[in-house]
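*Asks:* Sharing a sequence plus its predicted fold:
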Amino acid sequence: MSSDGDFRDVAWSEWRTKVEAELKGADFERSLVREHSAGFKLAPLYGADALRAGELSANPAAPGSWPFVRGTSARAQSSSWERLASAHSSDPDSANAELKAALAGGANAIFLHASRAVRLGLDPAQAPGPGLTFASSAELEKVLAGIDASDLPIVLGPGARAALAGSYVREWAQRSGAAANGLRVRFGVDPLGTLARDGALHASIEASQAELNELATECAGSMPKSRAVGVDSSAYHRGGANPALELALSLATAVHYLRSMEASGLELSKAADQIAFHFDVGSELFTEIAKLRAARLLFARVLGAAGITTIEPFIQVSTSPRSLSRIDPAVNILRTTSGVFAGVCGGADAIACAAYDAVLGQDTPRGRRLARNTQLILDRECHLAQVIDPGGGSYYIEALTDDLARSAWTIFQELEGEGGMLQALLEGGVHKRVAASAEARRRKLRTRKLAQVGVSEFPAANESAPTGGTHNSLKSKNTPEAGHPKGCARLDPIPMQRDAADFEGLRQQADVRAAQGKRPSIFLANLGPRARHNPRTEFARNAFAAGGFDVIDGESSGDAAPREAAYVLATRWSESGADFACICGHDEDYEASAAALAAALDGLGAKAVCLAGKGGAHKVQLEAAGVGFFLHAGCDLVALIEALLERSACAQEQTTP
């Protein structure tokens, strides 16, 4: 078959007409159109007519050309992206050993995490925690001992402490003999991001901004390969912001810094070249690819308004800790792999991949090695660096890039109307937006509209939550440490929570009950032949296993008459010793037998009777017969299981002498 002329172009309208005929009366929008977390609609199919013309065009210039949506290079990279070696230890010698092992294992850049004490100007003894304390430039020298860092990119995270970071790097360079104009240091100074994450700065906002401006001017003059400013959106991402909100807050922050640097006397184009963006990337592959492409598009639009079309934005990404789970942590390897893949396909310049077990508070050598190898395999075996703009030409990714950019631009304009990013942050506008987005995301997680494999879907049966740490280790604490500098900027930090936290909380409650002698258990009372009840049986099995329950699968009642089916299944529940029962079957079997079965279970003393399904026209009758809970797609599973656990606890208290 010839490829020429055999396939005609089909318009969207013609395709939709065919699909609507196949749906046989079902609503097209409800059946096939979804809503993105950023608020716009996701179609089931994308073609050329999905791309819209305009200033935020989803069909931008070629790779390497402004507005750099398709990447900053017009040809395949001769070298791959920066693979960051992270040092988290507070001990300089341990951090040095970590870095050496990482560099020997394939990393090609250094990421030095500063402790909270450093970021906030506190005594390390008063604010203990992970990260380097940077007590002096000599400590930095210890961390980098035996490492030829003069030719390696170095990433710092000093919060807003530009003066401290600048002085330490200058002193280290002088002692090591490294030429300042050859250093590739990204200082990552970010007062607004630090304020959002930590709830405080080491000084006033004005003083912190002045330090940033001074370091930016120094870098522009004597350290041309370095960048002073970081625009880090991780606090908003980890707080639950959707991708469009993340982009808008990053853009508003960048504009705030540009204005400040320009006002201090730095030329705007040089100021723009001082900025490096940092995004967390989760496991929602196409959205994360589009997010990075949209970030370049949005920054280009801002600079383009000032006539600047030559600045190539620098983007560093980290795999998102928000998406990691303490339950079945090996699945985190898949999540971080997806994040790295999205980073590469989205055109990230530098990538930090978290160890799969970091969320357990362990961050073992094995975990770090697997994280490094994830990047090495994608680079050296999959050769992703040899592909220019992997997402280019995908109508879905192009349209998604455009939709995210448009949504983010709308929010950015709102922030500007409120007085800019600083004003919105101080007056609570940022917090309100992130909180609203986080609540919407949490609802989707609790209802499993946004599923996590191994956590809320397809959980490993009877797996206990790991001990140590907390099930919500990302949650920030705004505790006023003693000795905090006077006059420093303060506000409530953005509260942070991992996606799996609610389900991990359920598992912990179930584990506590198990340690006390009996794990919560539920019996699946299967009505009718297996072919009829099995879909809801499997649905219920997954749902209750996600809550840490022992799930006892009862034999089906087969073709037994309604009264006989009720008697047989109720008796089997009683013999199983389960706390609860869940009736599973087809709607027709429910109509014939569910009410009688519910009454029998309730009469024999089941602590609660559930039914897999919504109950339909017989819901009131079923409730009157003893059904207390309806398990169905879209229900708040966390709330349902919490209610069962509470009922179990109340029943246990009543029977305890």
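*Replies:* Sure thing, it's come through.
*Asks:* remind me, longest helix of the chain?
*Replies:* For the chain, the longest helix by residue count, based on DSSP state H, is helix 395-417.
*Asks:* Going C-terminal from that one, what's the next secondary structure element?
*Replies:* Once the chain leaves helix 395-417, the next helix or strand it forms, by DSSP states H and E, is helix 421-426.
*Asks:* That next one - contacts with which helices or strands?
*Replies:* If you count contacts as 3 or more C-beta pairs under 8 Å, 6 or more residues apart in numbering; DSSP states H and E, helix 421-426 packs onto helix 191-198, helix 243-263, helix 429-446. C-beta: built from backbone N, CA, C; applies to glycine.
*Asks:* Next, format those as CSV and append mean pLDDT and mean neighbour count.
*Replies:* What follows is the helices and strands packed on helix 421-426, written out as CSV (pLDDT from 0 to 100; neighbours: other C-beta atoms under 10 Å):
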stretch, mean pLDDT, mean neighbour count
helix 191-198, 94, 26
helix 243-263, 98, 24
helix 429-446, 97, 18
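*Asks:* Mind putting these into CSV with distance to F286?
*Replies:* Converted to CSV, the helices and strands packed on helix 421-426 look like this (distance: least, C-beta to C-beta, whole Å):
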stretch, distance to F286
helix 191-198, 26
helix 243-263, 11
helix 429-446, 17
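*Asks:* so which of the ones you listed comes closest to R406?
*Replies:* The closest of the helices and strands packed on helix 421-426 to R406 is helix 243-263. By C-beta to C-beta, the value is 8.5 Å.
*Asks:* pull the CA atoms of the closest one into CSV?
*Replies:* As requested, C-alpha coordinates have been extracted for helix 243-263 and formatted as CSV (Å, rounded to 0.1, in the frame of the first residue of the first chain):
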residue,chain,number,x,y,z
PRO,A,243,1.5,23.2,37.0
ALA,A,244,-0.1,26.4,35.7
LEU,A,245,0.1,28.0,39.2
GLU,A,246,3.7,26.8,39.5
LEU,A,247,4.6,28.5,36.3
ALA,A,248,2.8,31.7,37.2
LEU,A,249,4.5,32.0,40.6
SER,A,250,7.9,31.3,39.0
LEU,A,251,7.4,33.9,36.3
ALA,A,252,6.1,36.5,38.9
THR,A,253,9.2,35.8,41.0
ALA,A,254,11.5,36.2,38.1
VAL,A,255,9.9,39.5,37.1
HIS,A,256,10.3,40.7,40.7
TYR,A,257,14.0,39.9,40.6
LEU,A,258,14.5,41.4,37.2
ARG,A,259,12.9,44.7,38.4
SER,A,260,15.1,44.8,41.5
MET,A,261,18.3,44.0,39.6
GLU,A,262,17.5,46.6,37.0
ALA,A,263,16.7,49.2,39.6
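*Asks:* list the contacts for D93?
*Replies:* Applying C-beta atoms under 8 Å, 6 or more residues apart in numbering, we find D93 in contact with K142.
*Asks:* where does it land on pLDDT?
*Replies:* D93 carries a pLDDT score of 89 in this model.
*Asks:* Now do the contacts for the residue lying closest to A107 once chain neighbours are set aside.
*Replies:* What sits nearest to A107 in space, not counting adjacent residues and going by C-beta to C-beta, 6 or more residues apart in numbering, is A85, at 3.5 Å. Each residue near A85 by C-beta under 8 Å, 6+ apart is listed here: 98-99, 102-103, 107, 109-111, 372.
*Asks:* buried ones in stretch 591-599?
*Replies:* The neighbour-count check on stretch 591-599 (16 or more other C-beta atoms under 10 Å) flags 592-599 as buried.
*Asks:* which one of these sits closest to G343?
*Replies:* Using C-beta to C-beta as the measure, the one of the buried residues of stretch 591-599 that approaches G343 most closely is A594, at 50.0 Å.
*Asks:* Touching, the closest one and V609? I think so.
*Replies:* No: with contact defined as C-beta atoms under 8 Å, A594 does not count as touching V609 (9.8 Å).
*Asks:* any idea how far A200 is from A501?
*Replies:* Using C-beta to C-beta, to the nearest Å, one obtains 24 Å as the distance from A200 to A501.
*Asks:* Name the residue in the two with the higher neighbour count.
*Replies:* A200 (25 against 21; other C-beta atoms under 10 Å).
*Asks:* Am I right that the more buried one is in contact with C488?
*Replies:* Yes: under the criterion of C-beta under 8 Å, A200 lies in contact with C488, with a separation of 5.7 Å.
*Asks:* between the longest helix of the chain and helix 429-446, how big is the angle?
*Replies:* 140 degrees (axes from the mean of the first three to the mean of the last three C-alpha atoms, to 10 degrees).
*Asks:* and the nearest residue to E591 once chain neighbours are set aside, what pLDDT?
*Replies:* For E591, ignoring the flanking residues on the chain, the nearest one in space by C-beta to C-beta, 6+ apart is H618 at 6.2 Å. Reported pLDDT at H618 in the predicted model: 90.
*Asks:* quick one on the thing from earlier: what sits in contact with each of A200 and C488?
*Replies:* L120.
*Asks:* Please identify which helix or strand holds A599.
*Replies:* When secondary structure is defined using DSSP H and E, the element that contains A599 is helix 595-604.
*Asks:* Revised request: answer the last question for R186.
*Replies:* Under the criterion of DSSP H and E, R186 resides in strand 185-189.
*Asks:* Phi, psi for N526 please.
*Replies:* The phi and psi torsions at N526 (degrees, to the nearest 10) take the values phi -90, psi 110.
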